[in-house]
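*Asks:* Predicted coordinates and the sequence they were generated for:
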Amino acid sequence: MIADANWLPVVFSRWVHVISACLLVGGTFFFAIAWRSEGRRALQMLVRVTIVLLIASGIYNLILNRDGYHRTLPLSHGLLGSHVLLALVIVGLLEAGLSARRVECGRRGLVRIGVVLLFVTVAVASTLKYVREHPAPPTAVSGNAVRLKVQ
């Protein structure tokens, strides 16, 4: 694998995805705990940049791993759908919570809900990676398979 240079974009894409997720979770968690209005604009920029990086690297990783997801149907598609849906909800919550010029208490709550959902999303992503890498062995013979007669 190391002799072949095809592993570089795969590892780089995975690294970008994980580091962006860490920055997003850590930055919003710190902001939700400390909550200084002066840091809101910096967090808003961090959120927007990491979201773009997460979307780009996520699509690339999805394309690379689609065979693994197909091997672990239907569980992988349920987890992948949950992961994407949670990400969309988080983007909406963080944008709504950070977009106002003056941040009210209600908007602070949106960011805190976003932080909790970020932790849930990381848990779903970890489960998805485990399911993809550890497919269950086939247990039943499908209806189209040829059955062998035991004598």
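*Replies:* Right, received. Where do you want to start? From a predicted model like this one, the values you see are computed outputs, not experimental measurements.
*Asks:* Pull the number of nearby residues for residue 50.
*Replies:* When neighbours are counted by other Cβ atoms under 10 Å, residue 50 registers 20. All C-beta spots, glycine's among them, are computed from the backbone N, C-alpha and C.
*Asks:* What's the first helix or strand after the helix or strand harbouring it?
*Replies:* Assessed by DSSP states H and E, residue 50 sits inside helix 40-64. Downstream of helix 40-64, the next assigned helix or strand under DSSP H and E is helix 66-71.
*Asks:* In contact with residue 87: list those residues for me.
*Replies:* 54, 58, 121 (Cβ atoms under 8 Å, 6 or more residues apart in numbering).
*Asks:* How about residue 45?
*Replies:* By Cβ under 8 Å, 6+ apart, the contact set of residue 45 is empty.
*Asks:* pLDDT value on it, please?
*Replies:* What the model reports as pLDDT for residue 45 is 91.
*Asks:* what about it, distance to residue 19?
*Replies:* Residue 45 is 16 Å from residue 19, where distance means Cβ to Cβ, to the nearest Å.
*Asks:* about what we covered before: report the buried residues of the helix holding residue 50.
*Replies:* Counting neighbours by 16 or more other Cβ atoms under 10 Å, one finds that the buried residues in helix 40-64 are 40, 43-44, 46-47, 50-51, 53-54, 57-58, 60-61.
*Asks:* Restrict the helix or strand bottoming out on mean pLDDT in the chain to CA atoms and write it as CSV.
*Replies:* Lowest by mean pLDDT, DSSP states H and E among the helices and strands of the chain is helix 66-71, with a mean of 87. The C-alpha trace of helix 66-71 is given here as CSV (Å, rounded to 0.1, in the frame of the first residue of the first chain):
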residue,chain,number,x,y,z
ARG,A,66,-19.8,2.9,-1.5
ASP,A,67,-19.0,-0.8,-2.0
GLY,A,68,-18.5,-1.2,1.7
TYR,A,69,-21.9,0.5,2.4
HIS,A,70,-23.6,-1.8,-0.1
ARG,A,71,-22.1,-4.9,1.6
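*Asks:* Appreciated, that's everything.
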